[in-house]
Each structure stands twice: as structure tokens, then as C-alpha cells.
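Undergrad: sequence unknown, structure follows:
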């Protein structure tokens with residue numbers, strides 16, 4: 001008897017290769033340049049990484065040291081120093097991060113109790129998710145924020161099985177790195193804390209301390225650096241700016257230039273007089289004052305931002321005018337998003353598939369980041385780092401639906417045979 005040794009047509013390894021091939025092809029097709037001036041955050045990350053690669057303090061084109069998340073430029077810097085600030089170097093880093101994210105998507109699905117079919121669906125969804133492919137062609141901090149978020153959630157799921165010190169330390173380090181990627185990711189401390197609480201064990205105090213130690217190990221060097229550059233240890237100087245842009249008389253819930261706000265006439269003078277930290281602290285004070293004086297308007301705006309966070313990123317007139325192909329791709333992205341979001345919502349409500357503690361942990365992580373972003377303003381890419389979690393939840397629902405037996409038509413009784421005529 002001959003034994004069939006062939007792997008399934010869509011193995012995890014083949015899906016990993018598919019994911020990498022799609023991202024490499026997209027980078028060649030899109031042809032984004034390093035520090036592309038059309039994408040401000042890409043240009044800022046390139047400038048910061050280049051300064052660090054040259055052994056200098058990080059500083060962007062505006063002369064700001066701590067305005068942007070430092071973790072992604074700090075990751076790029078040694079590669080730029082060793083191999084040059086080249087397009088292929090940045091692509092290689094992004095591909096490595098995408099591979100780590102893909103492995104963690106599978107790991108989260110496994111830790112959440114999903115079967116092989118659901119794990120493959122989750123990996124396929126991540127490989128085909130268009131905004132993730134687009135980010136891979138840019139110097140976007142989302143390339144690092146995504147694996148750090150996934151690592152934190154994976155550690156939290158592992159903590160459900162018992163408060164292990166090593167996992168708690170790794171979770172703390174991932175949390176510290178996430179905060180240095182984007183200040184709003186500080187809210188993700190909810191994930192490991194929920195992991196410890198939902199484990200239903202009293203031995204949570206020591207792992208919680210270890211969690212804080214892991215975060216401190218990552219944050220301390222940056223605190224020392226900002227103390228040297230700015231005179232105070234800070235996580236980011238952007239927090240007050242974001243708070244004001246999202247909470248002022250002209251706020252819409254989305255991004256506004258500072259020139260579109262009431263602070264426009266005095267902003268440049270404020271920066272010159274008070275410096276990087278003083279100016280953003282002043283903006284935060286103005287934002288809090290506006291909220292306290294207009295509580296109803298602030299509450300309405302906050303609710304609007306909560307809704308805006310989950311709204312599909314519809315193509316605008318500029319996208320449609322650029323080319324028919326771009327407009328089509330953007331509409332496919334919207335279809336992808338609505339399908340994944342709908343299936344993820346169904347996955348949260350289905351009785352089978354994922355254990356309730358895993359669902360509660362993922363829902364808590366999503367909710368914490370949702371609320372954190374709504375404190376400031378909302379952009380189209382804010383939810384990109386959490387989309388792999390949405391994809392895992394959608395995969396769980398699809399696998400559960402696929403396991404349901406199809407309804408069969410009721411069998412009709414066959415008519416009795418006619419008696420033979422003699």
C-alpha cells in the first residue's frame with residue numbers, strides 16, 4: 001500500500017511564501033522612494049533613522065527630537081549604518097517584520113484554540129490584506145507596531161495558562177517597544193493584565209511586577225536620551241499635539257493641520273519661545289480647557305471619533321481621479337474590510353471556535369486601543385496594527401461556519417411498486 005506523503009495544497013509554509021511574494025511584488029509595482037515626500041510620516045522616519053545611523057541624536061526636518069515614535073527609526077538605523085540607506089534595505093526590514101507578524105498571527109490563532117483550518121485562513125487573510133501590503137512599501141511605523149501588538153496579545157494568551165515570569169517579562173518588553181512606536185499603544189497594557197486576571201490564579205503580583213520591569217528596560221534608554229536632548233524624560237512630545245488637534249473649537253474628529261485651528265496665529269512663536277516640550281504641553285492645556293468648558297460638544301465629538309475609527313476608508317475624489325485601477329483597488333480594500341469586520345463580529349458571538357477567555361482578551365485589547373485613539377484624532381491607518389486580530393476573529397467564524405453540516409433536503413418516501421398484472 002502506497003502512503004500519500006504530499007502536503008496539503010495550501011500549507012502554512014506556502015502561505016508564508018505567498019505573503020512575502022505579494023509584498024515584494026507590491027514594492028516593485030508601487031515604487032515608493034525612501035523618505036517619500038508625499039507621505040509625511042515616511043519622510044520623518046527616514047530622516048530620524050538616517051541621523052541615528054550617522055551617530056547623531058534623532059531629529060526630523062522640523063528640528064523635533066521626540067515628536068515621532070522612535071522605535072521604528074531606531075530599528076532601521078543599524079541596518080542603514082551597515083548596508084546603507086537604500087530602498088532594498090528598508091524593504092528587507094519590512095519583509096522581516098511582516099514575516100514575524102505572520103508567525104504571530106498563526107501563534108495567536110493556535111493559542112486561542114483554533115484548528116489548523118482557521119490558522120490557515122487567518123494567515124491567508126493577513127497575506128492578502130491590502131493596507132498591510134501598502135504599509136510594507138513605505139517607512140511606516142505600522143510595520144513595527146503590528147508585530148509588537150501581536151506579540152503582546154500572544155503573551156497575554158499564554159498568561160491565561162498560568163503566570164509565567166518569562167512570558168510576563170517578554171510582554172513587558174513588547175509593551176515598552178509598542179509605546180515607543182506610538183504613544184496610544186500604551187493602552188495595550190490591558191492585554192497582559194487581562195491575561196493575568198482571567199487566569200483565575202492568585203499568583204499575579206510577581207508577574208505583574210515583572211511586566212512593569214520589562215517595560216522599564218525598554219523605556220529607560222529613551223528616557224535618558226530625551227533627558228539629554230530636551231531636559232526631561234518623555235515618551236513623546238506628540239501627545240499634547242494630538243490631544244489638541246482632536247479637541248478644539250475647529251476639531252472634526254479627523255486630522256487637521258495646526259494652521260486650521262485657533263492656535264494657528266501663535267503656534268510658531270509658541271514653539272520658538274517654549275521649545276518642543278513646552279509648546280505641546282501648552283496645546284494639551286488648551287485642549288483640556290476646551291473640554292472642561294464645552295463638555296457636551298466634547299462628548300459628541302468623542303462619540304463621533306469612536307464611530308470614525310471603525311468607518312471604512314472610502315476612496316476620495318483624488319484616488320478616483322488618479323487612475324481607474326487605483327480606484328478599483330481602494331474599493332476592493334473597502335470590501336475586504338467590511339467582510340472581515342462582519343465576520344469578526346460574528347466570530348465574537350458564535351458559541352464554538354474560540355474559548356471565551358481568548359475572546360474577552362482580544363475584545364479588551366481592541367477596545368482599549370479604540371478608546372485611546374478617540375482621545376486625540378482619528379486617521380485612516382490608526383486601526384491597521386489591530387487588523388490582524390480582526391482577521392483571526394474572522395477566520396475563527398469562517399472555520400466555524402465551514403464545520404457546520406449543510407442542511408439536507410428531507411427524503412421523500414418512494415412510491416410502492418405497482419402489483420404485477422397477471
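TA: Happy to help now that I have it. Keep in mind that this is a model prediction, so the values were computed, not measured.
Undergrad: so residue 310 sits against residue 380, correct?
TA: No: applying CB atoms under 8 Å, one finds residue 310 not in contact with residue 380, separated by 11.6 Å. From N, CA and C alone the C-beta is placed, and that goes for glycine too.
Undergrad: so who does residue 58 touch?
TA: Each residue near residue 58 by CB atoms under 8 Å, 6 or more residues apart in numbering is listed here: 48, 51, 52, 65, 70, 73, 74.
Undergrad: how about the nearest residue to the third one, chain neighbours excluded?
TA: In space, residue 52 comes closest to residue 77 once its chain neighbours are excluded; the distance is 3.7 Å by CB to CB, 6 or more residues apart in numbering.
Undergrad: could I get the buried residue list for the host helix or strand of the one you found?
TA: With elements taken from DSSP states H and E, the one containing residue 77 is helix 71-83. Neighbour counts over helix 71-83 (16 or more other CB atoms under 10 Å) mark 71, 72, 73, 74, 75, 76, 77, 79, 80 as buried.
Undergrad: helices of the stretch 51-200 of the chain, residue ranges please.
TA: Assigned by DSSP state H, counting those that start in this stretch, the stretch 51-200 of the chain shows helices spanning 71-83, 87-111, 116-128, 130-135, 142-159, 165-181, 190-198.
Undergrad: so can I have CSV of these showing mean pLDDT?
TA: Listed next are the helices of the stretch 51-200 of the chain as CSV, based on pLDDT from 0 to 100:
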stretch, mean pLDDT
helix 71-83, 96
helix 87-111, 94
helix 116-128, 95
helix 130-135, 92
helix 142-159, 96
helix 165-181, 96
helix 190-198, 91
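Undergrad: to residue 228, which of these lies closest?
TA: helix 71-83 (15.3 Å; CB to CB).
Undergrad: outside of that closest one, which residues touch it?
TA: By CB under 8 Å, 6+ apart, helix 71-83 touches 45-46, 48-50, 52-54, 58, 89-90, 92-93, 139-141, 143-145, 148, 177-178, 180-181.
Undergrad: lowest average confidence, helix or strand, in the protein?
TA: helix 317-322 (a mean of 70; mean pLDDT, DSSP states H and E).
Undergrad: need the next SSE after that helix, C-terminal direction.
TA: helix 324-349.
Undergrad: let me know the angle separating that following helix from helix 116-128.
TA: 150 degrees (axes from the mean of the first three to the mean of the last three CA atoms, to 10 degrees).
Undergrad: low pLDDT regions in this structure?
TA: Under the criterion pLDDT under 70, the flagged ranges of the chain are 1-9, 31-39, 200-202, 319-320, 322, 352-353, 403-422.
Undergrad: need the longest helix for it.
TA: helix 264-293 (DSSP state H).
Undergrad: elements contacting that one?
TA: Where contact means 3 or more CB pairs under 8 Å, 6 or more residues apart in numbering; DSSP states H and E, helix 264-293 is packed against helix 205-230, helix 239-246.
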